[in-house]
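1. Sequence and predicted model, in that order:
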Amino acid sequence: MAAQDPGAAFKTIYLQRRAEPNERAFTILVPKLRLAGVREIHFRISYPELRSQCRWGKTTRKGELLACRIPAIEDRMKYLGVEGLEYNAIQDVAEAIGRPLESLCVDCALDLDALVPSQSAEHRL
C-alpha cells in the first residue's frame, strides 16, 4: 500500500455502485482509502435499498442483505466505515429505464410486509 499522501488529508471521496454494497469489497477498499489519507467516504448506490431476498433466487439469497441484518442506515455506515450511504428510490430507477414501476419485478426493493394488502398481492404475483 502507498504511504499516506499529505495532500489527500482533507479530501472527500464520493463513490457510486450499481448494487447493494459488497461487504467484502468495503473491507478492502475503505482501509486503503483511509491509509491514503481520505477523510470522508460517501457511497451512493444506484439501485434502491434491497429489503428482501429475491424470491426467484436470481440476485440475492437469504442472509446476504446488509439492510436486513443492519436495518438502520446510520448503523450500516458505521459498520462499513463510511460517512455517507445513500440509495436511489425505486421510482427513480423505473423512470430512468423508462418503464412503469408496475411492470418491474421490485420485490427485493420493497418491504413487502409493510405494504397494504392490495399492493402486497399485486407485487407478489
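-> Arrived safely, thanks for sending. Predicted model only: the values in this text are computed from it and were never measured. Residues are numbered from 1 along each chain as shown.

2. For the rest of this, base every contact and every neighbour count on C-alpha atoms.
-> OK.

3. Isn't residue 38 up against residue 13?
-> Yes: using Cα atoms under 8 Å, residue 38 makes contact with residue 13 at a distance of 7.2 Å.

4. So these two - more neighbours on which side?
-> residue 38 (21 against 13; other Cα atoms under 10 Å).

5. if I look at that one, how far off is residue 11?
-> Going from residue 38 to residue 11 by Cα to Cα, to the nearest Å gives 5 Å.

6. and residue 13, that's in a strand?
-> Yes: using DSSP: H, G, I helix; E, B strand; the rest coil, the assignment for residue 13 is a strand.

7. partners of it in the sheet?
-> residue 41 (DSSP bridges).

8. quick one: contacts for it?
-> 38, 40, 41, 42 (Cα atoms under 8 Å, 6 or more residues apart in numbering).

9. ok, now residue 104?
-> Neighbours of residue 104 in contact, by Cα under 8 Å, 6+ apart: residue 94.

10. please redo it, this time with the cut-off set to 7 Å
-> Residues counted as contacts of residue 104 (Cα atoms under 7 Å, 6 or more residues apart in numbering): none.

11. Against residue 56, how distant is residue 24?
-> 24 Å.

12. Quick one: mean pLDDT for stretch 40-47?
-> On average, the pLDDT along stretch 40-47 is 88.

13. SS state for residue 29?
-> helix.

14. Show me the helices in the chain, by range?
-> For the chain, the helices defined by DSSP state H cover 23-35, 66-69, 73-80, 90-97, 117-124.

15. which stretch in those is the model least sure about?
-> When I compare the helices of the chain, helix 117-124 is least confident, with a mean of 42.

16. can you list residues touching both of residue 38 and residue 13?
-> By Cα under 7 Å, 6+ apart, no residue touches both residue 38 and residue 13.

17. thinking residue 100 is in contact with residue 93, fair?
-> No: using Cα atoms under 7 Å, residue 100 makes no contact with residue 93, being 9.8 Å away.

18. For residue 47, find the nearest of the helices of the chain.
-> helix 90-97 (6.9 Å; Cα to Cα).

19. Next, the buried residues of the closest one.
-> 90, 93, 94 (16 or more other Cα atoms under 10 Å).
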